[in-house]
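Participant: Here is a sequence with its predicted model. Questions after.
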Amino acid sequence: MSQFTVLNPATEQAVTTLTQASAEDTDAAIGRAAAAQERWRAVAPGERAGLLRRFAAAVDSHVEELAGLEVAGSGHPVGQARWEAGHVRDVLLYYSATPERLIGKQIPVPGGLNVTFHEPVGMVGLIVPWNFPMPIFAWGMAPALAAGNTVVAKPAELTPLTAVRIGELALEGVLQVLPGKGSVVGQRLVDHPAVRKIVFTGSTEVGSQVMAGCARHIKRVTLELGGKSANIVFADADLERAAATAPYAVFDNAGQDCCARSRILVQRSVLDRFMELFEPAVKGVAVGDPASPGTEMGPLISAAHRQHVAAYVPDGAPVAFRGSAPDGPGFWYPPTVLAPVGADDPAYTEEVFGPVVTVTPFDDEAEAVTIANDTPYGLSGSIFTSDVGRAIRVARAVETGNLSVNSHSSVRYWTPFGGFKQSGLGRELGPDAPDAFTETKNVFIATEP
Ligand code: NDP
């Protein structure tokens, strides 16, 4: 039986040791989920809604405990961790409205009428990455459960604690959480024919393998993958606001964010002024002990990941300025701004997934759009301008799934989330998310005598 020790990324001390699920454990969980599936889909809509609200209330009464686990096990600043636990509750409440609103259509046809039903797809396998263990877990499991499916979830090996605890608060059999390796538990969920849909969030590389695995069974799949998003600042923007928010657009969660705006594009005529404003904003990010209430940025998730991030800033890299990071134990890395960077610099072309941002000038709107789109990814981005027409034009031209105008954030559970190009397939969140966990059934009813 393999064991895994969760480390506190801020101290490098062991938090706890968990037993990892095996392929046989995964098969057993799939068996339990299959048995629960028939019962769960038969629960009356109002009752299922009530059970989801009860689950949300259970999460609500454990927000502090869950936040504490995320601080210790993932290094998330405590304010952020509390928000994340509350977000799980909110997402459950939002989708608790689903069971009573899975409304089909009535379609007039010659000789009768057709009606459509939204049937649950069946058992769903949910594979979660380490960067946002609670929100990403909630985005998959809440609409899946609401639509009448059972869920077997695999949290990331490095950050299983909060998902395991939330699983303990859920209805038995309907939601099961299996800590373990992607190559074992995750792979089994992909390969097992009884799992009817996979919701995967993680790297583009593993996502493509997951998609290939799902293809063997014609298994439904949603993929939320990497990003290399642009934060485009036009000369007519409120530069103070753009510069003050830009650090949070990329350094939140220590840059371990698929939506990180890790390329800042600034119109050349205001580049110097933007950098003057941006420097104190970067140096002002409070990096430190995640358990302390004022902390804005914690450590990276692991020593290996810090090494990966640091490789993007080799000796001689064009560091314009940096924020601070604590000395001593912990996987710390300071907020780092690179400029000017070459178009072939890996920090500019690849997803860093750490607190490293590049700043690149552009001359006009067309060039800004060309640069923003010059990436295989298309997940997120921001546009800062005071010209509404330009904001809409550029938002329509940038090939990404989620954009914000004069704001650094674009992810809300009320609105659809997902990527263009290699950033993913399908959408999560928003009012239509439960549809992705149902099959549409069409039934003809003859009305002629
Ligand atoms: P990985 O792709 O390495 O892992 C993601 C999850 O997949 C983990 O639970 C992992 O398990 C599991 N996994 C690994 N191998 C397999 C396999 N063969 N079959 C099934 N599951 C497997 O990504 P990271 O965890 O390193 O997350 C970082 C990446 O996620 C970044 O590229 C980031 O952009 C992306 N991401 C995308 C988001 C989006 O919504 N678009 C949101 C958040 C992150 P294990 O932990 O055991 O390796």
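Facilitator: Yes, it's here.
Participant: what about stretch 351-371 and the ligand, touching?
Facilitator: Yes. Where contact is defined by C-beta under 6 Å from any ligand atom, part of stretch 351-371 touches the ligand, namely 351, 353. C-beta coordinates here come from the backbone N, C-alpha and C atoms, glycine included.
Participant: what mean pLDDT would you report for that stretch?
Facilitator: Average pLDDT, stretch 351-371: 98.
Participant: which parts of that stretch are buried?
Facilitator: Of all the residues in stretch 351-371, those buried under the rule 16 or more other C-beta atoms under 10 Å are 351-362, 365, 368-369, 371.
Participant: now for these, which pair is the farthest apart?
Facilitator: The span of those, defined through C-beta to C-beta, is set by 354 and 365 at 30.2 Å.
Participant: how about the residues of the stretch 201-350 of the chain that lie near the ligand?
Facilitator: Residues of the stretch 201-350 of the chain lying close to the ligand by C-beta under 6 Å from any ligand atom are 201-203, 206, 209-210, 224-227, 258.
Participant: do that again at 8 Å, thanks
Facilitator: 201-207, 209-210, 213, 223-227, 256-259 (C-beta under 8 Å from any ligand atom).
Participant: Select from those residues every entry located in helices.
Facilitator: 204-207, 209-210, 213 (DSSP state H).
Participant: Mark which of these are buried, thanks.
Facilitator: The neighbour count (16+ other C-beta under 10 Å) marks 204, 206-207, 210, 213 as buried among those.
Participant: returning to that earlier point: of the buried residues of stretch 351-371, which belong to strands?
Facilitator: 356-362 (DSSP state E).
Participant: Closest one to the ligand out of these, please.
Facilitator: Set against the ligand, the nearest of these by C-beta to the nearest ligand atom is residue 356 (14.1 Å).
Participant: That closest one and residue 334 touch, don't they?
Facilitator: No. Contact criterion C-beta atoms under 8 Å: residue 356 and residue 334 do not qualify, at 9.6 Å.
Participant: partner residues bridging residue 444?
Facilitator: Under DSSP bridges, the beta-bridge partners of residue 444 are residue 114.
Participant: Identify the residues contacting it.
Facilitator: 109, 112-114 (C-beta atoms under 8 Å, 6 or more residues apart in numbering).
Participant: Let me know the secondary structure of residue 15.
Facilitator: strand (DSSP: H, G, I helix; E, B strand; the rest coil).
Participant: neighbours around it, how many?
Facilitator: 17 (other C-beta atoms under 10 Å).
Participant: Next up, the contacts around it.
Facilitator: 5-8, 72-73, 161.
Participant: with the buried ones among the ones in helices among the residues of the stretch 201-350 of the chain next to the ligand in mind, which one is nearest to the ligand?
Facilitator: Of these, the one sitting nearest to the ligand (C-beta to the nearest ligand atom) turns out to be residue 206, at 3.4 Å.
Participant: Which residues of the stretch 1-150 of the chain lie near the ligand?
Facilitator: Checking the stretch 1-150 of the chain against the ligand by C-beta under 8 Å from any ligand atom, the hits are 127-132, 136.
Participant: try it again with 5 Å
Facilitator: Contact residues, the stretch 1-150 of the chain versus the ligand (C-beta under 5 Å from any ligand atom): 127, 129-131.
Participant: Cross the residues you listed against helices and list the overlap.
Facilitator: Going by DSSP H, the helices hold none of those.
Participant: mean confidence score for the longest helix belonging to the chain?
Facilitator: Across the chain, the longest stretch assigned as helix under DSSP H is helix 23-42. Throughout helix 23-42, pLDDT has a mean value of 96.
Participant: In stretch 425-438, which residues are buried?
Facilitator: In stretch 425-438, counting by 16+ other C-beta under 10 Å, buried: 427-431, 433-438.
Participant: now do stretch 85-97
Facilitator: Those buried within stretch 85-97 under the rule 16+ other C-beta under 10 Å are 85-96.
Participant: how much space between residue 449 and residue 75?
Facilitator: According to C-beta to C-beta, to the nearest Å, residue 449 stands 71 Å off from residue 75.
Participant: and if you look at residue 159?
Facilitator: 9 Å.
Participant: The two: which is more packed in?
Facilitator: A direct count of neighbours by other C-beta under 10 Å for residue 159 and residue 75 places residue 75 higher, at 30 against 26.
Participant: In space, not sequence, find me the middle residue of this protein.
Facilitator: Residue closest to the average C-alpha location in the chain (C-alpha atoms, centre = their mean): residue 136, at 4.9 Å.
Participant: picking that back up, of the buried ones among the ones in helices among the residues of the stretch 201-350 of the chain next to the ligand, closest to residue 384?
Facilitator: Nearest member of these to residue 384, counting by C-beta to C-beta, is residue 204, at 27.6 Å.
Participant: Quick check: closest non-adjacent residue to that closest one.
Facilitator: residue 225 (4.3 Å; C-beta to C-beta, 6 or more residues apart in numbering).
Participant: for the one you found, what are its contacts?
Facilitator: Neighbouring residues of residue 225 by C-beta under 8 Å, 6+ apart: 201-204, 207, 258, 377, 379, 419, 422-424.
Participant: mind putting those in CSV, pLDDT included?
Facilitator: Shown next, in CSV, are the contacts of residue 225 (pLDDT from 0 to 100):
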residue, pLDDT
201, 98
202, 98
203, 96
204, 94
207, 98
258, 97
377, 98
379, 98
419, 97
422, 97
423, 97
424, 97
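Participant: And the longest helix of the chain, how far out from the chain middle?
Facilitator: Relative to the centre of its chain, helix 23-42 is centred 26 Å away, using C-alpha atoms, centre = their mean, to the nearest Å.
Participant: for stretch 221-234, same thing?
Facilitator: Stretch 221-234 sits 11 Å away from the centroid of its parent chain (C-alpha atoms, centre = their mean).
Participant: mind checking the end-to-end distance for that stretch?
Facilitator: 38 Å (C-alpha to C-alpha, to the nearest Å).
Participant: now do stretch 183-193
Facilitator: 17 Å.
Participant: So for it, mean pLDDT?
Facilitator: On average, stretch 183-193 scores 98.
Participant: Now that stretch: buried residues?
Facilitator: 184-192.
Participant: Dump those residues to JSON lines, plus secondary structure.
Facilitator: Shown next, in JSON lines, are the buried residues of stretch 183-193 (three-state DSSP):
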{"residue": "184", "secondary structure": "helix"}
{"residue": "185", "secondary structure": "helix"}
{"residue": "186", "secondary structure": "helix"}
{"residue": "187", "secondary structure": "helix"}
{"residue": "188", "secondary structure": "helix"}
{"residue": "189", "secondary structure": "helix"}
{"residue": "190", "secondary structure": "helix"}
{"residue": "191", "secondary structure": "helix"}
{"residue": "192", "secondary structure": "coil"}
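Participant: Same list, these, but only the ones touching the ligand.
Facilitator: 186-187.
Participant: From the buried residues of stretch 183-193, pick the one nearest residue 248.
Facilitator: Taking the buried residues of stretch 183-193 together and measuring to residue 248 by C-beta to C-beta, the closest member is residue 186, at 31.3 Å.
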